[in-house]
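Peer 1: this is a predicted model, with the sequence first.
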Amino acid sequence: MSDCLFCKIIAKEIPAEIIYENDRVLAFKDINPKAPVHLLIVPKKHYDTLNDIPDDEMDIIADVHRAVKHLAREYGVAESGYRTLVNTNKEGGQAVFHVHYHLIGGRQLPV
Ligand code: 5GP
Ligand code: ZN
């Protein structure tokens, strides 16, 4: 997707603080962190929203979650606790239309 911000980060055309990468997944720090740990984990393949991932490509979500689990431990929040969330479309609060998981922790999060 030529004018997708996260595709540009994946392509290293725009700088980001990249903290994890494999052949299918990239993770980087959120530019506007809502907590001491606020990471974004994205499939390298572009999908606008969670709705747009075909059923037979849903294994990418397992790949993303493998990275989430690894990063939660690496950033010291695995045991204290953290939140993963995906915003979808307007009323879900999605601002960047490339599927991404937020990993947020390092403080008590509101219910
Ligand atoms: P959304 O609301 O779409 O779920 O979340 C988008 C997230 O991307 C926001 O938390 C926002 O701070 C983050 N973000 C937006 N632009 C950039 C950027 O250029 N670099 C990084 N690292 N994060 C960004
Ligand atoms: Zn994209």
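Peer 2: Now that the structure is in, tell me what you want to look at. Numbering: from 1, shown residues only. Ligands and ions are numbered 1, 2, ... in the order given.

Peer 1: what does this protein put close to ligand 2?
Peer 2: Selection of the chain residues close to ligand 2 by CB under 5 Å from the ion yields 1, 4, 6-7, 46, 98. No exception for glycine: its C-beta is placed from N, CA and C like everyone else's.

Peer 1: could the residues you listed be laid out in CSV, adding secondary structure, pLDDT and neighbour count?
Peer 2: Below are those laid out as CSV (DSSP: H, G, I helix; E, B strand; the rest coil; pLDDT from 0 to 100; neighbours: other CB atoms under 10 Å):
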residue, secondary structure, pLDDT, neighbour count
Met1, coil, 60, 14
Cys4, coil, 98, 15
Phe6, helix, 98, 22
Cys7, helix, 98, 17
His46, coil, 98, 16
His98, coil, 98, 22
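
Peer 1: most widely separated two among the residues you listed?
Peer 2: Met1 and Phe6 (8.7 Å; CB to CB).

Peer 1: overlap in contacts of these two?
Peer 2: 46, 98 (CB atoms under 8 Å, 6 or more residues apart in numbering).

Peer 1: pop out the phi and psi values for the residue positioned nearest the centre of the chain.
Peer 2: Centroid check for the chain by CA atoms, centre = their mean gives Ile41 as the closest residue, at 2.4 Å. With angles defined as degrees, to the nearest 10, Ile41 sits at phi -120, psi 130.

Peer 1: look up how far Asp52 lies from it.
Peer 2: To Asp52, Ile41 is 17 Å away according to CB to CB, to the nearest Å.

Peer 1: repeat for Ala95
Peer 2: Using CB to CB, Ala95 is found at 16 Å from Asp52.

Peer 1: the two - which one has more neighbours?
Peer 2: A direct count of neighbours by other CB atoms under 10 Å for Ala95 and Asp52 places Asp52 higher, at 12 against 8.
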